[in-house]
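Novice: Fold the following for me, if possible:
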Amino acid sequence: MSIDYLISITKPMLEGAQATVLLFLIAIILSIPLGFLLTLAVRSSIKPLAWLANAYIYLMRGTPLLLQLLFIVFGLPLIPVIGEYLVLDRFVAASIGFILNYAAYFAEIFRGGLLAIDNGQYEASKVLGLNRWQTTTRVVLPQMIRIALPAVANESVTLVKDTALLYAVAVPELLHFAQTAVNRDFTIVPFVLAGIIYLLITLCLTLFFKWLERRLRFD
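Specialist: Below you'll find the model as predicted:
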């Protein structure tokens, strides 16, 4: 194994890693606020809305992400009459699948964070004359974020690893280029290199969340 060989396989794998990172950023940026909205819907006094939100979360958490991706990418176009309008770019379709799936997980994380806040906080806010909006933004949300952050960090690392499922819907990403090199060269080196790249990405993410936890702890 030569340096030239490592360079030759590293370049396409880094290009694949760009798709991995892009999908992660899209999914994390959109699924977190969607998850919070789902949490609010679950806690809503409007029973049909709460029931629908709970049913959605149960569906998304109770079925495999891979099945959801296959359904969005290959299943939606097969729906009679409207299927032809549901043919999406595979990366876009996969992004939608990840956003919808992880929003359900983040919703449960945020719900747990809200439940962990003592009821006395709400009563104290009322005594201080804070309205519902002020109580939510100044008292509840900061505490919920601190409580939920470790679980959000863990779920984010899982999201990075789950991006490998793009391989199943034929979207070129890191694992795709590693598998191509293995099949072509009959060596496990590309798999090892792919593992190192995944570890570096998750290391950066872990360090970021640890820094964020320290900032929130002292603020």
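Novice: C-alpha from now on. contacts and neighbour counts both.
Specialist: Noted.
Novice: can you give me the helices for the chain?
Specialist: 3-42, 47-62, 65-70, 90-115, 119-127, 132-134, 141-162, 174-185, 189-218 (DSSP state H).
Novice: Would you mind finding the most buried of those helices?
Specialist: helix 90-115 (a mean of 21; mean count of other C-alpha atoms under 10 Å).
Novice: can you give me the angle it makes with helix 3-42?
Specialist: 50 degrees (axes from the mean of the first three to the mean of the last three C-alpha atoms, to 10 degrees).
Novice: could you give the mean pLDDT of helix 90-115?
Specialist: The pLDDT scores in helix 90-115 average 94.
Novice: Against which helices or strands is that helix packed?
Specialist: helix 3-42, helix 47-62, helix 65-70, helix 141-162 (3 or more C-alpha pairs under 8 Å, 6 or more residues apart in numbering; DSSP states H and E).
Novice: got the contact list for stretch 131-148?
Specialist: With contact meaning C-alpha atoms under 8 Å, 6 or more residues apart in numbering, stretch 131-148 is reached by 109-110, 112-114, 116-117, 121-122, 125-126, 213, 216-217.
Novice: Same check on stretch 29-49?
Specialist: Residues outside stretch 29-49 that contact it (C-alpha under 8 Å, 6+ apart) are 50-51, 53-54, 99-100, 102-108, 110-111.
Novice: now do stretch 160-176
Specialist: Counting by C-alpha under 8 Å, 6+ apart, 13-21, 23-24, 66, 69-70, 73, 90-91, 94, 191, 194, 198, 201-202 sit against stretch 160-176.
Novice: Quick check: closest non-adjacent residue to residue 202.
Specialist: Excluding its sequence neighbours, the residue lying closest to residue 202 (C-alpha to C-alpha, 6 or more residues apart in numbering) is residue 157, at 5.9 Å.
Novice: That neighbour is in contact with residue 200, isn't it?
Specialist: No. Residue 157 is not in contact with residue 200 according to C-alpha atoms under 8 Å; the separation is 11.3 Å.
Novice: so how far is stretch 73-93 off the chain centroid?
Specialist: Taking C-alpha atoms, centre = their mean, to the nearest Å, one finds the center of stretch 73-93 at 22 Å from the center of the full chain.
Novice: what do you get for stretch 108-119?
Specialist: So, by C-alpha atoms, centre = their mean, the centroid of stretch 108-119 is 20 Å from its chain's centroid.
Novice: Using PDB, write out every CA atom in it.
Specialist: In PDB, the C-alpha atoms belonging to stretch 108-119 read as follows (Å, rounded to 0.1, in the frame of the first residue of the first chain):
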ATOM      1  CA  GLU A 108     -39.300  13.300  22.700                       C
ATOM      2  CA  ILE A 109     -36.100  14.800  23.900                       C
ATOM      3  CA  PHE A 110     -37.600  18.200  24.300                       C
ATOM      4  CA  ARG A 111     -40.700  16.800  26.000                       C
ATOM      5  CA  GLY A 112     -38.500  15.100  28.500                       C
ATOM      6  CA  GLY A 113     -36.700  18.400  29.100                       C
ATOM      7  CA  LEU A 114     -39.900  20.200  29.700                       C
ATOM      8  CA  LEU A 115     -41.200  17.500  32.100                       C
ATOM      9  CA  ALA A 116     -37.900  17.800  34.100                       C
ATOM     10  CA  ILE A 117     -38.700  21.400  34.900                       C
ATOM     11  CA  ASP A 118     -40.300  21.700  38.300                       C
ATOM     12  CA  ASN A 119     -43.800  23.200  38.400                       C
END
